[in-house]
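This is a predicted model, with the sequence first.
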There are 2 protein chains.
Amino acid sequence: MNRIVLAALAAIAIAGAQTPASSNVPGAEYPAVHPDRRVTFRIAAPSAQKVQLMPGGDDNGLGKGPFEMARDDKGVWTVTIPPAVPGFHYYWFLVDGVPSNDPGSRAFFGWSKDSSGVDVPDSAASFYEVKDTPHGEIRIHWYYSKVTAMWRRIHVYTPPGYDSGKSRYPVLYLQHGAGENDSSWPNQGRAGFILDNLIAERKAVPMIVVMENGMVAPRAGFVPPADGAARGPNRRNEAFGDLVTTELIPMVDATYRTQADRAHRAIAGLSMGAGQAMQIGLANLDLFCAIGSFSGGAARNFDAKTSNGGVFADADAFNKKVRVFWIGAGSAEPPRSTAAKAMVEGLNQAGIHAVWFESPGTSHEWQTWRKSLYDFAPRLFR
Amino acid sequence: MNRIVLAALAAIAIAGAQTPASSNVPGAEYPAVHPDRRVTFRIAAPSAQKVQLMPGGDDNGLGKGPFEMARDDKGVWTVTIPPAVPGFHYYWFLVDGVPSNDPGSRAFFGWSKDSSGVDVPDSAASFYEVKDTPHGEIRIHWYYSKVTAMWRRIHVYTPPGYDSGKSRYPVLYLQHGAGENDSSWPNQGRAGFILDNLIAERKAVPMIVVMENGMVAPRAGFVPPADGAARGPNRRNEAFGDLVTTELIPMVDATYRTQADRAHRAIAGLSMGAGQAMQIGLANLDLFCAIGSFSGGAARNFDAKTSNGGVFADADAFNKKVRVFWIGAGSAEPPRSTAAKAMVEGLNQAGIHAVWFESPGTSHEWQTWRKSLYDFAPRLFR
């Protein structure tokens, strides 16, 4: 065997033991994922007294932290944690108690800051990986919003062939969760690759996906519109609804080659974004034909006859209007998942065609939401 | 005065004292910039023994660190540093000696990781701010590269009107520095806003800007091409040259509405990217009509007669071929700036039309490179 083949075999042998996570910065060996999904974290901190690994949240797929890390004689701290749930997990180190990003991992906007993340491969799922298929683009687009009195950034997925053709496309408005932003679906959610793969396999129709920032609480110095003071405690979501319906949709329809009618417009989101999608979608059925709630839980005291302004009271009318009404969660996130499932059962009993989806073994995390998008998107615009 | 006007005046009064930096995550009050450009940094670290502020590099516009931070009785550490140089500056905290990002600042890819950054306003420059003008888009595009045996991500600026029209555009290939990547020019460099503003003021012709990742050192498991072993110590740049000339340019010309000839193609970069732009540009004058070196310094033992394969030996031929040959640096980065200036003087004496640009008071930092792009781009494709 020549030198190059030997080098390749050596690389494969090393990879068999442990592999740098795909979420690492180039050149970083840690975090490293073992074939059994144990994960080794490492950081140099020679003058620290104590270093711990802290997953982002108690139901994080890395397990419940903090995990104590062990110091070697050079001041490098290491821990190998038990097999992790596949998928993307936020985390940070606690360096003498202070949350500190891992210089070996890329940062992803979550927890209201740029947080470290590690992507643990899922041997049963490649639908969100980059593949040798035509790729769409993720576009960063800026526009001015009067509702929020600021220039706003959005991320927009345009499908393969958008530039070379003249077709018009349906649009999915897709929202992140609390503490995340418009970059979260493209980065940690891999929305672009998921759509690329679905479209390549002809499982979903080509569509545009618009991702805004749903955390629209006013900034310092923000002067609310004249009627702003009356909006009450739910102000954040209501302001986002105004933004979506009066500014975002008209701007998107004027800027991109959209099919600008309700039959070709859907809204979905995860967690906080699921609540926004349900609230904005159900209140604006003249604008949307499909609604997706990813890990959104259930409304308190839900009643199919009276909830959401009675929109479910006439099941036939609702079913005729709402082509896809999709509610899902991870099986490992009760009571949110059990409550959502019970709501779907109640809706079904009331004659509403609500779809229930459960991602097995995953919690309130991105693997649930990647799988949700993978199940939801193919149902749209048929 | 009514309540809204009072609220606005109060906000202005607060802003007069200190303002959250534009680079902060939403809602973060610190880092805060004072009107005299002093900057206050703050982090909660109750169980740390020592916390310091560390600017990224010795010639960083925040000054030479580390700066000691003072602890209050709640464990919040604060420092206010002397007036900073305007512009974007990398930094991090040292928490008991361990580099730790500031949760109040966004992360920007630099120093081979996602690093905190603070943008200090420049009262004399607004050319890189978002303005009420037509905006282009920054597109995230993926393609497969055989030279580097990997899927690669690029950022591409398309000018305002690209989607609605049918025009073809010239292309600037624009490179970041060592330890940065293809996101650095759009994020910390604000390349999109700079081009938007130049185009709106008709100071630059509308153009496409392509930003690749010039750190092409092979990844773990990478099998080099058969001739790879012979490339020697300068391998990284040479592989990048192969990538640009044999894969990137053909892909861009096939994907975007470019003017696909040398008269409408330029290459520029900063620091390491300046070296790449000079090397790739001068070796491929059949492909490029303009070259920009931002803070690139000078070649060792530069000789206009013999350097770069004698490309400067016939000044008339060179001047005819190279429409813009632009070399610049910040005045605060000697000996790099003085060496570059001397090289330009040598070139000029040899009859070469090389442009010299100096950004007053700025060092080996993004304010120099923003100003470089603002001076360079208007000269292109005239």
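Nice, I can see it. Numbering: from 1, shown residues only, chains lettered A, B, ... in the order given.

Show me the helices in the stretch 101-250 of chain A, by range?
For the stretch 101-250 of chain A, the helices defined by DSSP state H, counting those that start in this stretch occupy A:184-187, A:191-200, A:235-242, A:249-255.

typo on my end, the stretch 251-382 of chain A
Here the stretch 251-382 of chain A has its helices, by DSSP H, counting those that start in this stretch, at A:272-283, A:307-310, A:315-321, A:336-349, A:366-376.

Just the CA coordinates for the last one, please, in PDB.
Listed in PDB are the C-alpha atoms of helix A:366-376, where the atom choice follows Å, rounded to 0.1, in the frame of the first residue of the first chain:
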ATOM      1  CA  TRP A 366     -33.500  20.400  18.100                       C
ATOM      2  CA  GLN A 367     -33.600  16.700  17.100                       C
ATOM      3  CA  THR A 368     -37.400  16.800  17.800                       C
ATOM      4  CA  TRP A 369     -37.700  19.900  15.700                       C
ATOM      5  CA  ARG A 370     -35.600  18.700  12.800                       C
ATOM      6  CA  LYS A 371     -37.800  15.600  12.700                       C
ATOM      7  CA  SER A 372     -40.900  17.700  13.000                       C
ATOM      8  CA  LEU A 373     -39.900  19.800  10.000                       C
ATOM      9  CA  TYR A 374     -39.100  16.600   8.100                       C
ATOM     10  CA  ASP A 375     -42.600  15.200   8.800                       C
ATOM     11  CA  PHE A 376     -44.500  18.500   8.400                       C
END
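
and it, what's its mean pLDDT?
Averaged over helix A:366-376, pLDDT sits at 98.

that older thread, for the helices of the stretch 101-250 of chain A, which one sits closest to B:G292?
helix A:184-187 (30.2 Å; C-beta to C-beta). Glycine gets a C-beta too; all of them are placed from N, C-alpha and C.

hmm, back to that, return the most buried member of the helices of the stretch 101-250 of chain A.
Per residue and on average, the most neighbours among the helices of the stretch 101-250 of chain A fall to helix A:184-187, with a mean of 25 (mean count of other C-beta atoms under 10 Å in any protein chain shown).

is it anywhere near chain B?
Yes. Interface with chain B: helix A:184-187 contributes A:P186 (C-beta under 8 Å from any C-beta of the partner chain).

Would you mind pulling up the elements that that helix packs against?
Applying 3 or more C-beta pairs under 8 Å, 6 or more residues apart in numbering or on different chains; DSSP states H and E, one finds that helix A:184-187 contacts strand A:107-110, strand A:150-158, strand A:208-211.

Output these as CSV; include the columns mean pLDDT, mean neighbour count and distance to chain B.
Shown next, in CSV, are the helices and strands packed on helix A:184-187 (pLDDT from 0 to 100; neighbours: other C-beta atoms under 10 Å in any protein chain shown; distance: least, C-beta to the nearest C-beta, whole Å):
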stretch, mean pLDDT, mean neighbour count, distance to chain B
strand A:107-110, 97, 25, 4
strand A:150-158, 96, 20, 5
strand A:208-211, 98, 26, 12
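
so which of those strands gets nearest A:V344?
strand A:208-211 (24.4 Å).

Could you tell me the least trusted of the helices of the stretch 101-250 of chain A?
When the helices of the stretch 101-250 of chain A are compared by mean pLDDT, helix A:235-242 comes last with a mean of 73.

how long is stretch A:173-192 end to end?
Using C-alpha to C-alpha, to the nearest Å, the end-to-end distance of stretch A:173-192 comes to 13 Å.

Thanks a lot, see you next time.
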